[in-house]
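S.K.: need coordinates for the below:
(one chain, ligands or ions: 3)
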Amino acid sequence: MNQSEIIIPESSLDRDCTTLSRHVLQQLQSFSAEAQDLSAIMSRIALAGKLIARRLSHAGLMEGVLGFTGESNIQGESVKKMDVYANEVFISVFKQSGLVCRLASEEMEKPYYIPENCPIGRYTLLYDPIDGSSNVDINLNVGSIFSIRQQQGDDLEGEATDLFQNGYQQIAAGYILYGPSTMLVYSLGHGVHSFILDPSLGEFILAQENIKMPPHGPIYSTNEGNFWQWEEPFRDYTRYVHRHEGYTARYSGALVGDIHRILMQGGVFLYPGTKKKPEGKLRLLYETAPLGFLVEQAGGKVSTGSENLLEFIPSYLHQRTPVILGSIEDVELVESFIQDHLKREN
Ligand code: AHG
Ligand code: MN
Ligand code: MN
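M.R.: Numbering: from 1, shown residues only. Ligands and ions are numbered 1, 2, ... in the order given. Model (predicted):
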């Protein structure tokens, strides 16, 4: 059969050409400068994902890649070498981009400014470079979480306080899941879409568009080791799912993997506050707000337990909040225990 007779089904070729940067322009239905900027930013995030995935795939065979640095970060947590590497990757991919002037990372106390991009670059990237660090040395899934916001005003004090806005101010949000395949899931506010890295192309190729969560799912995902520290409503909810058929516990210790499971299969993830730490563990601006944005876009719900998490306005960069996130019916079941408790108290 000569070359001209080889018929490549339109769908497979077109599918292989539906890269992330093309999809952004399709989503925005525009070739404006802003659309091109966002497309370029997402391409850079994809490059960060490829660099981190490559490092993770060889980590066990290389010196100095795994394990702890011996330092603690602003969170008071021990830092893994992969946390530092991944944090540097995100900084490097945005240099000379002209797009992103500021980076706010779980691993950096203050916002990081890329001088050549400021003040022209009006975008800010907030990110958790490696989420689920406890998994990284044992070859279990980890992720990166990202959120893109528009700079408001001139930020003359260099504290990026204009970032302290609610989750609906996010322009885009998403995560990269380093699992059996490397997957990027994102939303620009027009639905949730997933891409899978095709190593033979070195491109993230569209896998699923407009992901929708079921209104209910069997999974509840939480660290029950904290049960003894929880307020009563969360204990009552846990007793309920223990006593009723149709629930199953899944918890990996890595937020991105746990949320991806719930996004795809339904259910609820919860990380409540405790008596010692009422605000909980998870950070709003680069963990739960981006993931909550995705979940709401997919038809789910995200709550702090007392309000819509996406309405919550932080007062400092690394602010934490309790989080209940997932299928509407399951989030509302957890909330019902909180409301019942409040009624009994009043
Ligand atoms: P990170 O590795 O970025 O610090 O995030 C870890 C977070 C999150 O991924 C996970 O859901 C949670 O910590 C697990 O906390 P516990 O070990 O307390 O359950
Ligand atoms: Mn994290
Ligand atoms: Mn992290």
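S.K.: so where do the helices sit in the stretch 101-250 of the chain?
M.R.: 232-243 (DSSP state H, counting those that start in this stretch).
S.K.: and the residue most central in space within the chain, what does it touch?
M.R.: Central residue of the chain (Cα atoms, centre = their mean): I145, 3.3 Å from the mean position. Residues near I145 by Cβ atoms under 8 Å, 6 or more residues apart in numbering: 127-128, 131, 174-175, 255-256, 286-287, 290-291. From N, CA and C alone the C-beta is placed, and that goes for glycine too.
S.K.: burial measure for the residue of the stretch 201-346 of the chain found nearest ligand 3, as a count.
M.R.: Closest contact between the stretch 201-346 of the chain and ligand 3, by Cβ to the ion, is at E287 (8.1 Å). Here the count is done by other Cβ atoms under 10 Å, and E287 has 26 residues near it.
S.K.: touching, it and L255? I think so.
M.R.: Yes: using Cβ atoms under 8 Å, E287 makes contact with L255 at a distance of 6.2 Å.
S.K.: so which strand or helix has L325?
M.R.: strand 323-326 (DSSP states H and E).
S.K.: list the buried ones in that strand?
M.R.: Using 16 or more other Cβ atoms under 10 Å as the test for burial, strand 323-326 gives 323-326.
S.K.: that strand near ligand 2 anywhere?
M.R.: No: contact of strand 323-326 with ligand 2 (Cβ under 5 Å from the ion) is absent, the minimum separation being 11.8 Å.
S.K.: residues contacting that strand, please?
M.R.: Counting by Cβ under 8 Å, 6+ apart, 213, 217, 221, 259, 262, 266-272, 280, 282, 288, 291-292, 295, 300-305, 309, 331, 334-335 sit against strand 323-326.
S.K.: stretch 65-78 now?
M.R.: Under Cβ under 8 Å, 6+ apart, the answer for stretch 65-78 is 55, 58-60, 79-85, 106-109, 133, 136-137, 283, 318.
S.K.: may I have the distance across it, first residue to last?
M.R.: Taking Cα to Cα, to the nearest Å, stretch 65-78 runs 15 Å from one end to the other.
S.K.: for that stretch, the distance to its chain's centre please.
M.R.: 20 Å (Cα atoms, centre = their mean, to the nearest Å).
S.K.: go on, stretch 215-235?
M.R.: Counting by Cα atoms, centre = their mean, stretch 215-235 comes out at 21 Å from the chain centroid.
S.K.: now do it: everything it contacts.
M.R.: Taking Cβ under 8 Å, 6+ apart as the rule, stretch 215-235 contacts 238, 241, 246-251, 253, 258, 261-262, 265-276, 299, 305, 326-330, 334, 337-338, 340-341.
S.K.: A strand includes R55, no?
M.R.: No: read with DSSP: H, G, I helix; E, B strand; the rest coil, R55 is helix and lies in no strand.
S.K.: burial count for it?
M.R.: 17.
S.K.: my guess is it contacts D83, does it?
M.R.: No: in this structure, R55 is not within contact of D83 by Cβ under 8 Å, at 11.9 Å.
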